[in-house]
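Asks: Sequence first, predicted coordinates after that:
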Amino acid sequence: MADQPDSAHAPSDLIWRDEKLYFQAWQERLRPSLVVMPDTGGAADELSSDTGNGLWNEGDLLLYSRADRLYSVPITGGSSMLVSDGGMFGAAPPSRSGTTSCS
């Protein structure tokens, strides 16, 4: 079926909260991003171009991991912040959305 994405590019890590769906998806040119859309359907809006492995919700934040690091992004969208660095791979690189501060 030519209309359907293959499973490697399907949405992943789905979270349902406040009548919205939050997930990681592949955007144009196969660029991954965190997106949100109404649970009744409609267009998806990008929250962040920064992604990783897994997706969790804590309060007003979405959390995701990349390598041995934990990042957060506001549930309303914005820059990613480094929350925790496991230190196994040296200094943390800048996030793809530009912020590297650690709290």
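Replies: Perfect, thanks for sending it.
Asks: use CA for all of it now, contacts and neighbours both
Replies: Fine.
Asks: Who are the contact partners of the most centrally placed residue in the chain?
Replies: The centroid of the chain falls nearest to residue 34 when counting by CA atoms, centre = their mean (3.6 Å). Neighbouring residues of residue 34 by CA atoms under 8 Å, 6 or more residues apart in numbering: 22-25, 46-51.
Asks: Tabulate those in JSON lines, adding columns for secondary structure and neighbour count.
Replies: Compiled in JSON lines, the contacts of residue 34 are given as follows (DSSP: H, G, I helix; E, B strand; the rest coil; neighbours: other CA atoms under 10 Å):
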{"residue": "22", "secondary structure": "strand", "neighbour count": "27"}
{"residue": "23", "secondary structure": "strand", "neighbour count": "24"}
{"residue": "24", "secondary structure": "strand", "neighbour count": "27"}
{"residue": "25", "secondary structure": "strand", "neighbour count": "23"}
{"residue": "46", "secondary structure": "strand", "neighbour count": "20"}
{"residue": "47", "secondary structure": "strand", "neighbour count": "22"}
{"residue": "48", "secondary structure": "strand", "neighbour count": "22"}
{"residue": "49", "secondary structure": "coil", "neighbour count": "20"}
{"residue": "50", "secondary structure": "coil", "neighbour count": "22"}
{"residue": "51", "secondary structure": "coil", "neighbour count": "25"}
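Asks: could you redo the residues you listed as TSV and give each row distance to residue 64?
Replies: Converted to TSV, the contacts of residue 34 look like this (distance: CA to CA, whole Å):
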residue	distance to residue 64
22	12
23	11
24	10
25	14
46	15
47	13
48	12
49	13
50	9
51	7
